[in-house]
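Colleague: give me a model of this one.
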Amino acid sequence: MSETKNINVNLFPTTIKYVNNFLSLDEVDKIIEISRSLPFQNHGAFIGDGKTSYFLKDNFLKNTIFDKKINEALNDYTEILGMGKVKMSESWVNIQKPNSELLQHCHVRSPISGALYLKTDVKSSRLFFHNPNPYIKFYSARKWAESSIEFFSFKVNTGDLVLFPGWLNHSSNRELNLSEERIVLSLNTIFV
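Modeller: Here you go, the predicted structure:
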């Protein structure tokens, strides 16, 4: 008679790369200085006072040391995921003022997306990632488990980089930004 075995298999994990202190404060200041010349406008992804340079549709850091550094981090991440190489195709800056929020969204057609935090403080809203399993909303978890959480959040700091699959929904999860100015460089990629 064969022995009974219980096997638990965690299928389809989603790996997110979080790099604390990816940039120094001097490097962050240089990117903020470059971004100040970008055209900013309102965007439907924000509620409240939030502006973006998203409509520029270009990588404003192209051919800079930051482009190279970010692309290296991207490809370290894609190596972990078993994907081909990518490069930054678009980069833009979002500036949020007090009482603004970022609505839930994903980055369609971008294999990997990212957020580089240029200005945050203790009053800044967190970055939330939402469970892609649509059935998670149909039951109440009795205890914390990777498969039963509805969302996960990061309290990010100035200089931190977060990389994630472009299809993964993220937001501020109705949490208001309370800092005077929260500045984030967002990015999309293409395969090379």
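Colleague: can you give me the strands for the chain?
Modeller: 17-19, 41-42, 46-47, 50-52, 86-96, 101-102, 112-119, 127-130, 151-154, 161-165, 170-171, 182-191 (DSSP state E).
Colleague: redo those as CSV? Include mean pLDDT.
Modeller: Compiled in CSV, the strands of the chain are given as follows (pLDDT from 0 to 100):
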stretch, mean pLDDT
strand 17-19, 98
strand 41-42, 96
strand 46-47, 98
strand 50-52, 97
strand 86-96, 98
strand 101-102, 98
strand 112-119, 98
strand 127-130, 98
strand 151-154, 96
strand 161-165, 98
strand 170-171, 98
strand 182-191, 98
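Colleague: between those, which one is nearest to residue 30?
Modeller: Ranking the strands of the chain by their distance to residue 30 (criterion: C-beta to C-beta) puts strand 112-119 first, at 10.0 Å. Every C-beta, even on glycine, is put in place using the N, C-alpha and C of the backbone.
Colleague: want to throw the strands of the chain into a markdown table with mean neighbour count?
Modeller: Written out in a markdown table, the entries for those read as follows (neighbours: other C-beta atoms under 10 Å):
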| stretch | mean neighbour count |
| --- | --- |
| strand 17-19 | 16 |
| strand 41-42 | 10 |
| strand 46-47 | 17 |
| strand 50-52 | 20 |
| strand 86-96 | 22 |
| strand 101-102 | 22 |
| strand 112-119 | 23 |
| strand 127-130 | 20 |
| strand 151-154 | 15 |
| strand 161-165 | 22 |
| strand 170-171 | 22 |
| strand 182-191 | 21 |
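Colleague: figure out which of those strands is closest to residue 6.
Modeller: Here strand 151-154 is closest among these (C-beta to C-beta), at 26.9 Å.
Colleague: now for the closest one, which elements pack on it?
Modeller: Applying 3 or more C-beta pairs under 8 Å, 6 or more residues apart in numbering; DSSP states H and E, we find strand 151-154 packed against strand 127-130.
Colleague: give me the contact list for the strand it packs on.
Modeller: With contact meaning C-beta atoms under 8 Å, 6 or more residues apart in numbering, strand 127-130 is reached by 14, 16, 104, 115, 150-154, 156, 162, 164, 168-173, 175.
Colleague: check stretch 96-109 too.
Modeller: When contacts are defined by C-beta under 8 Å, 6+ apart, stretch 96-109 is touched by residues 44-50, 94, 113, 125, 130, 166-184, 188.
Colleague: and it, end to end?
Modeller: Stretch 96-109 has an end-to-end distance of 25 Å (criterion: C-alpha to C-alpha, to the nearest Å).
Colleague: and for stretch 88-105?
Modeller: Terminal-residue distance, stretch 88-105 (C-alpha to C-alpha): 19 Å.
Colleague: do stretch 116-134 as well
Modeller: Criterion C-alpha to C-alpha; first-to-last residue distance in stretch 116-134 is 28 Å.
Colleague: any chance of the strands of the chain in a markdown table, plus distance to residue 7?
Modeller: Listed next are these as a markdown table, based on distance: least, C-beta to C-beta, whole Å:
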| stretch | distance to residue 7 |
| --- | --- |
| strand 17-19 | 29 |
| strand 41-42 | 51 |
| strand 46-47 | 45 |
| strand 50-52 | 47 |
| strand 86-96 | 34 |
| strand 101-102 | 40 |
| strand 112-119 | 31 |
| strand 127-130 | 28 |
| strand 151-154 | 26 |
| strand 161-165 | 27 |
| strand 170-171 | 32 |
| strand 182-191 | 35 |
